[in-house]
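1. Test case, fold it:
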Amino acid sequence: MTLPATAAGVFRYVAVEKHILALIESGELQVGERIPSLRALGNRLGVSVSTVNQAYLELERRGVVEARPKSGFFVRQQPARRPAPRGSTLPAKEPTTVARGALIREVLDGMTRRDIVPLGVARTDESLLPTKQLARLLAKVAVGDDRATSYESVCGNIELRRQIAWRLAESGIEVRAEDVMITGGAMEALYLALRSVTRPGDNVAIPAPTYYCFLQLLENFGLRAVELPSYPDGGVRPADLRAALDRFDIRAVILTPNFNNPDGACIPDAAKAEMAALLAERGVPVIEDDVYGDLGFGERRPRCLRSFDASGNVLHCSSYSKTLAPGFRLGYMLPGRHAAKAFEIKATTNVCCATPTQLAAALYLAQGGFERHLRKLRVVLERQARMTEERILRHFPEGTRVTHPGGGTVVWVQMPDNVDAITLFYAAKAQGIGVAPGNLFSSCDQFRHFLRVSYGHAWTPAVDAAHAALGRIAHDLAGREPLRLVP
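-> Modelled structure (predicted):
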């Protein structure tokens, strides 16, 4: 056999890795067996010896194989794959007020600190992004474009909006450039969307677990959360959404259908279509966060809720913070039938987004290298996701479960019931390690034994050591008496 033509350049050794992993998973290669020699596998796959060697060294680094002097590479004993973490155990309950601000501030404190290993922040390391190309374009714009120091329109640079509309068309979303609004990252898009469709005191349905900044927005706006169970193997289920809509007066829904933060869940396309139709029929607007949609590891990008929406009921939000440059603060939204209200709020908050970064991003997208960059980035993130899973299963106490994400930048870890996530958070912080305790991701305190761990950072010896240190802390806590909540 030979590798597919698409496995060119950087992808060839990754394809070799996947070939060996497939042989191990199928049982064709057993623990302790010698894997094919560099030359034999190179001849079989039609690649060079150096390509096979690079793949084997990566597999050794991941702990999948081991090198034995003068003997070759052999399959190592792997931790048994444990069941995935459970989803929410609670059906949708009475709407609750949200109060997570203080703990969220402590977690976000580690975002830019260089003295903390950043396993708690869902970000893509700058070393994995096209920073040099963007810096050159930004310099070119600053020197040679008279528009760089001027206000942009409220809705954003039309060239950038046109590039976004073209890319959305490839995802099955047919919009005009004029339908796109540029925002200061996805957070501003979500802020504008939520303010456009709710009033203080309204009930908003959200997944459980969900991104903690959604909870912070609800808290700041005086909104109440109705939590919908999310499952790592399929996200929010249409039946649970329908039951919540029947039971409560829900005025808006927030969903991350593609690689939900933190459990990595991807809602199947059929379920997305069913939920989009249900919400349109009930007249309940849905805010879609698609920040991670471009970071799927599969051959096909998953569809968005917005691609099933014909009435403008879905307010689609996304950004380039995970894929291009977090510091550019470039997001966008499709406000749909709420465009007038979103424009009014945008115009009376920050007027418009920074002009130079919009111009530079528009130039970068127009050059056509973004898809090639995404392919490389996905390869790195998938490898680091599997390394993170392996380290957690190796170092954490027996009974620990971890998700097997198909995209995004985080894994969701369920620890034994006597390991308290907040206690672990503070113990890890004292050792210079950042994690995000599961309590942050629900208003109902139902994930006290969970952690979100990021794999979007560059993999370094310090990161490797941090996973081992977290495991030691978890083992120590597992040996103590379970914490008892004061009633």
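2. can you list the domains in the chain?
-> As assigned by automatic domain parsing, the chain contains the domains 10-75, 101-126+372-478, 129-370.
3. where does the stretch 1-150 of the chain have low pLDDT?
-> Counting by pLDDT under 70, the stretch 1-150 of the chain has low-confidence residues at 1-11, 78-84, 86-103, 106-113.
4. so where do the strands sit in it?
-> Under the criterion DSSP state E, counting those that start in this stretch, the stretch 1-150 of the chain contains strands at 65-68, 72-75, 117-118.
5. And those strands: which comes nearest C304?
-> Distances from C304 to each of the strands of the stretch 1-150 of the chain were compared using CB to CB; the shortest belongs to strand 117-118, at 28.3 Å. All C-beta spots, glycine's among them, are computed from the backbone N, C-alpha and C.
6. ok, and what's touching the closest one?
-> Strand 117-118 is touched from outside by G110, M111, G432, I433, G434, S454, H457, A462, V463, A466, with contacts defined as CB atoms under 8 Å, 6 or more residues apart in numbering.
7. cutoff 7 Å now
-> Strand 117-118 is touched from outside by G110, G432, I433, G434, S454, H457, A462, V463, A466, with contacts defined as CB atoms under 7 Å, 6 or more residues apart in numbering.
8. Quickly name whichever of those is closest to L363.
-> Proximity of these to L363 (CB to CB) peaks at H457, which lies at 27.8 Å.
9. what's the neighbour count on G144?
-> G144 sits with 8 neighbouring residues when counted by other CB atoms under 10 Å.
10. could you dump the strands of the stretch 1-150 of the chain to TSV with mean neighbour count?
-> Formatted as TSV, the entries for these read as follows, by neighbours: other CB atoms under 10 Å:
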stretch	mean neighbour count
strand 65-68	15
strand 72-75	18
strand 117-118	22
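11. Need the ones you listed in TSV (columns: distance to V16).
-> Supplementary listing: these in TSV, determined by distance: least, CB to CB, whole Å:
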stretch	distance to V16
strand 65-68	12
strand 72-75	12
strand 117-118	30
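12. Out of these, which gets nearest to A360?
-> Comparing the strands of the stretch 1-150 of the chain by their distance to A360 (CB to CB), the top pick is strand 117-118, with 25.5 Å.
13. Need the residues that contact stretch 177-195.
-> By CB under 7 Å, 6+ apart, the list of residues contacting stretch 177-195 from outside reads 155-158, 160-162, 164-165, 213, 217, 221, 252, 287, 289, 291, 315, 317-319, 321, 329-335, 342, 345-346, 350, 353, 358.
14. Could you identify the buried members of those residues?
-> With neighbours counted using 16 or more other CB atoms under 10 Å, the contacts of stretch 177-195 contain these buried positions: 155-158, 160-162, 164-165, 213, 217, 221, 252, 287, 289, 291, 315, 317-319, 321, 329-335, 342, 345-346, 353, 358.
15. What is the end-to-end distance of stretch 404-423?
-> Between the start and the finish of stretch 404-423 there is a gap of 25 Å, counting by CA to CA, to the nearest Å.
16. tally of neighbours for H449?
-> Every residue meeting other CB under 10 Å relative to H449 is counted, giving 22.
17. can you count the residues close to the closest residue to it other than its chain neighbours?
-> Leaving aside its sequence neighbours, H449 sits nearest to M415 (CB to CB, 6 or more residues apart in numbering; 4.9 Å). As a burial measure, the neighbour count of M415 was computed by other CB under 10 Å and equals 25.
18. For M415, give me its contacts.
-> When contacts are counted by CB under 7 Å, 6+ apart, M415 is found next to F396, P397, T400, H449, L451, A474.
19. picking up where we left off before, specify the stretch among the domains of the chain that is closest to P85.
-> Taking CB to CB as the criterion, P85 comes closest to domain 101-126+372-478 out of the domains of the chain, the separation being 3.6 Å.
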